[in-house]
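Student: fold the following.
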Amino acid sequence: MKFQFLRLYILSAVILIGLVLSFGQLYNRIFFPQHEPAYVIPMHDLQALVTDSSKVSRLTRSQLALPQQLSDALQKNGTLSVNDHGSDYIYVLDPEQGSEDSVVYQLGPLQLIKDNEESHGFFIAFYSLLAVSLFLLFRPLFSDLVKLQRTAINFGQSPRAMPVMTRKNSSIYPLAKSFSDMSQKVTRFLSLHTDLSRIISHEIRTPLTRIRLALSLVDSIPKQEELHIHKSLDEIESRLEQYLNFARIENQFTALELTDCDSTELVQAEVDKFKFYGYLAFDLNIQIKRMPCDPNCFCIALQNLLVNASKHARKHIKVELYQHKQDYVLKVSDDGPGLPKTANSLIEPFSQGSETPLSSGYGLGLYIVHRIAHWHGGHLQLGNNPTLGGAEITFQWQAPSETVTS
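Tutor: Next up is the predicted model:
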C-alpha cells in the first residue's frame with residue numbers, strides 16, 4: 001500500500017504542476033504576446049541612456065567583431081544582447097541601411113534584468129506548498145485504506161464481526177461501514193452453518209445408535225446380513241464425519257494437505273463399496289500408481305461420482321485415472337441416459353436436473369465434487385461418453401507447487 005500511495009502522490013503532483021505551468025504559459029501567450037525581442041532595463045540605466053551620450057555608440061556592421069552566429073541573429077531579429085565581462089550591451093540594427101554598411105547602435109554598458117531571482121523563490125515556495133497540500137490530502141485517505149486492508153486480511157484469516165476502523169468523516173467511511181456489515185452477516189451465516197452441522201450430526205447419530213441397539217436385541221437376522229447392516233452403519237457414520245470435515249474446510253478456509261497417495265488403493269476401496277449392486281459391472285482403468293491429493297476429500301468426490309453413476313447406469317460404469325501432461329484426470333462414465341444440455345447447471349447446490357426425469361437426483365453431490373476440484377487447483381467437466389452413451393464427469397487437477405487453500 002505504501003508503493004501505491006507514493007505512486008499516486010507523485011503522479012498527481014507531476015500532473016498538477018504540469019497543468020499549472022502549462023496554464024501559466026498559455027495565459028502569458030494569450031494576454032501578453034511578445035512578437036519581438038524584449039529587454040528589461042533598470043530605471044537608472046534608462047536615465048543614463050538619455051543623459052549620458054557615451055552609453056550610445058553609432059557603429060557600422062563592418063566595425064563589429066561578432067561571430068557569424070551572433071551576426072546572423074542580429075540580422076534576423078534586428079536586435080541583439082551580448083554580455084561582455086559582466087556588462088550587458090544591446091545592439092540595434094538600423095533597417096534602412098545596407099547589409100554591409102548598415103548602422104548599428106550600441107547601447108551600454110547596462111545591467112539587464114534577465115530573471116527575477118525572487119520569482120524563483122516564489123515558484124519554489126508555491127510548488128512546495130502545493131506538494132505538501134497534496135500529501136496532506138492523500139495521506140489520511142491511504143491511512144484509512146491501509147486500516148481497511150488489514151481488517152480485510154484479518155477477516156480472511158479468521159472470519160469474525162469486524163468493527164468500523166475509520167472515522168465517520170473519512171472519505172471511505174461508507175466502504176468501511178459496508179465491509180463491517182458484511183463481516184457481521186458472514187459471521188452469522190458461518191455460525192448458523194456450524195450449528196446446523198452439529199444439529200445434523202446429532203440428529204443422524206441418534207437414530208444410528210438406536211438401530212445398533214435394536215440389532216443387538218434381534219436374534220432372527222442372519223449373521224451375514226447383520227454384518228452387512230453394521231458395515232452400512234459404519235459407512236454412514238464415516239461419511240457423516242467426512243461431510244463434517246467438508247463443512248469445516250468450507251467454513252474455516254482450511255488448507256488442504258495434498259499427499260502422495262496410492263491411486264489403486266483409493267479407487268478400489270471406493271468401488272468395492274458398490275459391490276452389492278450386483279447388476280452393475282465396473283470397469284477400472286488405473287494408469288498411474290501414485291497421485292497428489294487429499295485422500296479424504298478425494299474419496300468423498302469419487303463416492304459422489306459413483307453414487308450418481310449407479311443411480312443412472314443400466315449395466316456398466318467405467319472409472320479411469322491417468323495423467324495427461326502435468327494434469328491428473330479422474331473420469332467416471334456410465335451407460336445411462338446421459339446428461340441434459342444444461343448439464344453445467346447441475347454443479348449448483350441441490351440442482352436436480354429439471355430437463356429430464358432421468359437426469360434428476362444429483363443434489364449436492366456434484367457441487368461437492370466441484371468444490372473439492374477447486375480446492376485441488378483443478379476443475380470439473382460435465383459431458384456424455386461417446387462410447388457408453390451415458391454421462392461422463394471429469395475431475396482434473398494439477399500437481400501443485402504449494403499448498404492449495406479453499
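
Student: against Asp88, how distant is Gln111?
Tutor: Separation of Gln111 from Asp88 (Cβ to Cβ, to the nearest Å): 6 Å. (Each C-beta comes from the backbone N, C-alpha and C, glycine too.)

Student: averaged pLDDT, stretch 196-209. What do you get?
Tutor: The average pLDDT within stretch 196-209 is 75.

Student: next, find the distance separating Ile30 from Gln47.
Tutor: Here Ile30 is placed at a distance of 33 Å from Gln47 (Cβ to Cβ).

Student: which one's more surrounded, the two?
Tutor: Neighbour count, other Cβ atoms under 10 Å: between Ile30 and Gln47, Gln47 has more, with 11 against 8.

Student: next SSE downstream of the helix or strand where the more buried one lies?
Tutor: For Gln47, the element it lies in under DSSP states H and E is helix 43-51. Counting by DSSP H and E, the next helix or strand C-terminal to helix 43-51 is strand 56-60.

Student: can you give me the mean pLDDT across the next helix-or-strand element following that following strand?
Tutor: Going down the chain from strand 56-60, the next helix or strand is helix 68-77, by DSSP H and E. Averaged over helix 68-77, pLDDT sits at 79.

Student: now do helix 68-77: which elements does it pack against?
Tutor: Other helices and strands packing on helix 68-77, by 3 or more Cβ pairs under 8 Å, 6 or more residues apart in numbering; DSSP states H and E, are strand 79-84, strand 87-93.

Student: neighbouring strands for the longest one, and are they parallel or not?
Tutor: By that I understand strand 87-93. According to DSSP bridges, strand 87-93 forms sheet pairs with strand 79-84 (antiparallel), strand 103-110 (antiparallel).

Student: about what we covered before: ok, Gln111 and Asp88, which is more surrounded?
Tutor: More neighbours surround Asp88 than the other of Gln111 and Asp88, with 19 against 13 (other Cβ under 10 Å).

Student: can you name the residues that contact that one?
Tutor: Contacts here follow Cβ atoms under 8 Å, 6 or more residues apart in numbering; on that basis Asp88 touches 81-82, 108-112.

Student: check these for burial and list the buried ones.
Tutor: Buried residues within these, counting neighbours by 16 or more other Cβ atoms under 10 Å: 81, 108-110, 112.

Student: out of these, what pair is the most spread apart?
Tutor: Across the buried ones among the contacts of Asp88, no pair lies farther apart than Ser81 and Pro109, at 11.7 Å, counting by Cβ to Cβ.

Student: need the residues touching each of the two.
Tutor: 88-89.

Student: show me where the protein has its helices.
Tutor: 2-31, 43-51, 68-77, 117-157, 173-217, 223-252, 263-272, 295-312, 365-375 (DSSP state H).

Student: on contacts alone, who are the packing partners of the fifth one?
Tutor: What it means is helix 173-217. For helix 173-217, the packing partners by 3+ Cβ pairs under 8 Å, 6+ apart are helix 117-157, helix 223-252.

Student: could you list the low-pLDDT ranges of the stretch 301-406 of the chain?
Tutor: 349-364, 400-406 (pLDDT under 70).

Student: go with 90
Tutor: 304, 307-308, 311-312, 325-326, 338-372, 374-375, 377, 398-406 (pLDDT under 90).

Student: what mean pLDDT does the helix holding Gln47 have?
Tutor: The model assigns helix 43-51 a mean pLDDT of 70.

Student: give me the number of residues near Tyr279?
Tutor: Other residues near Tyr279 number 8, with proximity taken as other Cβ under 10 Å.

Student: for it, give its distance to Asp335.
Tutor: Distance from Tyr279 to Asp335, by Cβ to Cβ: 12 Å.
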